[in-house]
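> sharing a sequence plus its predicted fold:
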Amino acid sequence: MARTMLYENNLPKYFWAEATNTACYIVNRVMIRPILKKTLYEILKSKKPNISYFHPFGCKCFVLNNGKDNLGKFDAKSDEAIFIGYSLTSKAYRVFNKRTLVVEESIHVVFDDNLLPRKDSCDDYDVGIINAFDGGQTSKEDEIPTIKEEDTQDPPLEALKDLALEEKEVSYPREFNHVKDGEILGDPSKRVTTRSSLKLINRVAFISCIEPKNIKEALKDDFWIMAMQEELNQFERSNIYTLVDRPSNQSTIGTKWVFRNKPDESGNIVRNKARLVAQGYTQEDGIDFDETYAPVARMEAIRMLLAYACYHNFKPFQMDVKSAFLNGFINEEVYVEQPPGFEDSKFPNHVFKLTKALYGLKQAPRAWYERLLNFLIEKGFEKGKVDTTLFIKMYKNDILVVQIYVDDIIFGSTNECHCKEFAKLIQGEFEMSMMGELSFFLGLQIKQ
């Protein structure tokens, strides 16, 4: 039954588990046992099953974007998806989101039961997704003939540069006019790769769409291992710790990994981020930390800055500090456990003595703020008297305004040359990622 469901709906083998689960779910509720004349569901629950919510497996549907992604005013509020089953723990449906390439469970789904992907109507579904998960295998009857042998060779470098500039939807005819093998020039078994499918496969191939729940799951995924190694490399560059003997007169704070997928403005996953954090809830006041307060910019302050920039007709820019809290110096003597899964093979019982703050420590936000505050004051900036996250530097006829929101920095000037100087200045002190003109910040979309 599961095999028929996949074949009939032209879905890749990647969905075999979902098809099997859905087939079992349906059989338990509709197949009547000859002797008892009841379904398995009736035997177990002592009541007849409700099948009014059933929908055809593989049908087209639309799932509500429930606020996880930042939507613009005119962006679609739902994503096109493929219906693949029913949740076993709730009343939700299981769907495959064609935009994020993730299986979701949601009760906010609208179905088009009459639209099923058939073998002769490939345009109803994204063929690129099916090919990406199918491993590039096609049957002989579905092969598309090539024109010339030389046309299937690798394109020159100049042509590859255009791939990122053009995203084109490819429509497929409902019926292919098959050509006899004798009339085909070249190898008919070679597949045709379109620009849109190439872009999709590249994105799927180098990013894991699944967030691991613990370190054991993460160590089974090469992409998350790379993400954890990148975090540890950042520790090395920032000189965060020193490997020392475990102290006998002071407690050691535990560490754990936190895994998150980073989306872009459209909600597409663009990065796997692994963060090593300290279990700060075990810290003792007066021993592991002292002061913890750090100011954070209010949304009203951000809006006032944008209004000020609009009034004086200058562009605000944005940059992000990579691993900001790792830049803050701490005064207390703090020891933490080695990263789970990455213990030193020679000294597995040693611990890290921190020289800088670590995410999760209670004093980490304050340590980062003081580091940035001292740096800006040294460079001639004045701290705001009311808003201590606002910094101003006056020039002869111009002004440079800098607003701090934890690790995000918004800045602008009546003379854009001062913005370039500030970007160069702060990039020389911290590891930054320049994001250019401010376009999206804390749920606000800014058009410039």
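The structure has been received and is ready for your questions.

> all helices of the protein, in order?
Under the criterion DSSP state H, helices of the chain are mapped to 2-8, 16-30, 40-45, 127-134, 157-161, 195-205, 215-218, 222-238, 299-311, 364-378, 416-429.

> of all these, which one is nearest residue 268?
helix 195-205 (7.4 Å; CB to CB). Heads up, the C-betas are built off the backbone N, CA and C, glycines and all.

> picking up where we left off before, residue 340: which of the helices of the chain is closest?
Judging the helices of the chain by CB to CB, what sits closest to residue 340 is helix 215-218, at 4.8 Å.

> list the buried residues of that closest one.
Across helix 215-218, burial judged by 16 or more other CB atoms under 10 Å covers 215, 218.

> residues in contact with the nearest residue to residue 55 once chain neighbours are set aside?
Distance criterion CB to CB, 6 or more residues apart in numbering; nearest residue to residue 55, sequence neighbours excluded, is residue 111 at 5.0 Å. Contact analysis of residue 111 by CB atoms under 8 Å, 6 or more residues apart in numbering lists 55, 59-61, 83.

> out of those residues, the closest to residue 428 would be?
residue 61 (51.4 Å).

> now that closest one: how far from residue 302?
Distance, residue 61 to residue 302, using CB to CB, to the nearest Å: 38 Å.

> compare the helices of the chain and give me the one nearest residue 410.
helix 299-311 (6.5 Å).

> need the CA coordinates for the closest one. CSV is fine.
Output of helix 299-311 as CSV, limited to C-alpha atoms (Å, rounded to 0.1, in the frame of the first residue of the first chain):
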residue,chain,number,x,y,z
MET,A,299,12.1,49.4,20.5
GLU,A,300,11.0,53.0,21.0
ALA,A,301,14.7,54.1,20.8
ILE,A,302,15.2,52.1,17.6
ARG,A,303,12.1,53.8,16.0
MET,A,304,13.3,57.2,17.1
LEU,A,305,16.7,56.6,15.5
LEU,A,306,15.0,55.6,12.2
ALA,A,307,12.8,58.7,12.3
TYR,A,308,15.9,60.8,13.0
ALA,A,309,17.7,59.3,10.0
CYS,A,310,14.7,59.9,7.8
TYR,A,311,14.4,63.5,8.9
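
> and it, what's buried?
301-302, 305-306, 309.

> may I ask which two of those are separated the most?
301 and 309 (12.8 Å).

> got CSV for the helices of the chain, with distance to residue 442 and mean pLDDT too?
Below are those laid out as CSV (distance: least, CB to CB, whole Å; pLDDT from 0 to 100):
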stretch, distance to residue 442, mean pLDDT
helix 2-8, 43, 83
helix 16-30, 37, 87
helix 40-45, 48, 80
helix 127-134, 32, 48
helix 157-161, 35, 44
helix 195-205, 26, 42
helix 215-218, 29, 90
helix 222-238, 25, 88
helix 299-311, 7, 89
helix 364-378, 17, 91
helix 416-429, 20, 89
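
> list the contacts for residue 95?
Contacts of residue 95 (CB under 8 Å, 6+ apart): 61, 63, 81-84, 103-106, 109.

> tell me which of these fall in strands.
61, 63, 81-84, 103-106, 109 (DSSP state E).

> quick one on the thing from earlier: residue 329: which of the helices of the chain is closest?
Closest among the helices of the chain, using CB to CB: helix 364-378, at 6.1 Å.

> so which bits of that closest one are buried?
364-369, 371-373, 376.

> again, but for stretch 208-221
208, 211-212, 215, 218-219.

> ok, residues contacting stretch 256-269?
With CB under 8 Å, 6+ apart, stretch 256-269 has contacts from 65, 68-70, 99-102, 203, 207-209, 211-212, 215, 218, 224, 227-228, 270-277, 279, 339-341, 439-440.

> also stretch 208-220?
100-102, 221, 223-225, 228, 256-257, 259-261, 269, 272, 274, 340-341.

> buried among the residues you listed? Make that a PyMOL selection.
Burial among these is assessed by 16+ other CB under 10 Å; the matching PyMOL selection reads:
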select buried, resi 100+101+102+224+225+228+257+259+261+269+272+274+340
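
> could you dump the helices of the chain into CSV with distance to residue 347 added?
Compiled in CSV, the helices of the chain are given as follows (distance: least, CB to CB, whole Å):
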stretch, distance to residue 347
helix 2-8, 51
helix 16-30, 43
helix 40-45, 56
helix 127-134, 44
helix 157-161, 47
helix 195-205, 37
helix 215-218, 20
helix 222-238, 16
helix 299-311, 46
helix 364-378, 25
helix 416-429, 33
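
> list the contacts for residue 418?
393, 395, 398, 400.

> of those, buried ones?
Applying 16+ other CB under 10 Å to the contacts of residue 418 flags 393, 400 as buried.

> among the contacts of residue 418, which are located in strands?
393, 400.

> pull the most distant pair out of the contacts of residue 418.
Taking CB to CB, no two of the contacts of residue 418 sit farther apart than 393 and 398, at 9.2 Å.

> list just the nearest of the contacts of residue 95 to residue 93.
residue 109 (4.8 Å).

> what's the closest non-adjacent residue to that closest one?
residue 93 (4.8 Å).

> what number of residues lie near the residue nearest to residue 324 when sequence neighbours are not counted?
Leaving aside its chain neighbours, residue 324 sits nearest to residue 407 (3.4 Å; criterion: CB to CB, 6+ apart). Residue 407: 18 surrounding residues under other CB atoms under 10 Å.

> between the two ends of stretch 410-421, how far is it?
14 Å (CA to CA, to the nearest Å).

> all further residue positions should be reported with the first residue as 2.
In the new numbering, first residue 2, that becomes stretch 411-422.

> that stretch: which residues count as buried?
411-415, 419-420.

> can you say which of the helices of the chain is nearest to residue 326?
Here helix 365-379 is closest among those (CB to CB), at 4.3 Å.

> what's next to that closest one, contact-wise?
Under CB under 8 Å, 6+ apart, the answer for helix 365-379 is 281, 292-296, 325-326, 328-331, 357-359, 362, 384, 392, 403, 405, 407-408, 427, 430.

> if we use 7 Å, what do you get?
For helix 365-379, the surrounding residues in contact (CB atoms under 7 Å, 6 or more residues apart in numbering) are 292-296, 325-326, 328-331, 358-359, 384, 392, 405, 430.

> to residue 52, which of the helices of the chain lies closest?
When the helices of the chain are ranked by proximity to residue 52 (CB to CB), helix 17-31 comes first, at 5.9 Å.

> could you say what helices and strands that closest one packs with?
helix 3-9, strand 39-40, helix 41-46, strand 79-87 (3 or more CB pairs under 7 Å, 6 or more residues apart in numbering; DSSP states H and E).

> can you pull the buried residues of that helix?
Buried-residue list, helix 17-31, by 16+ other CB under 10 Å: 19-24, 26-27, 30.
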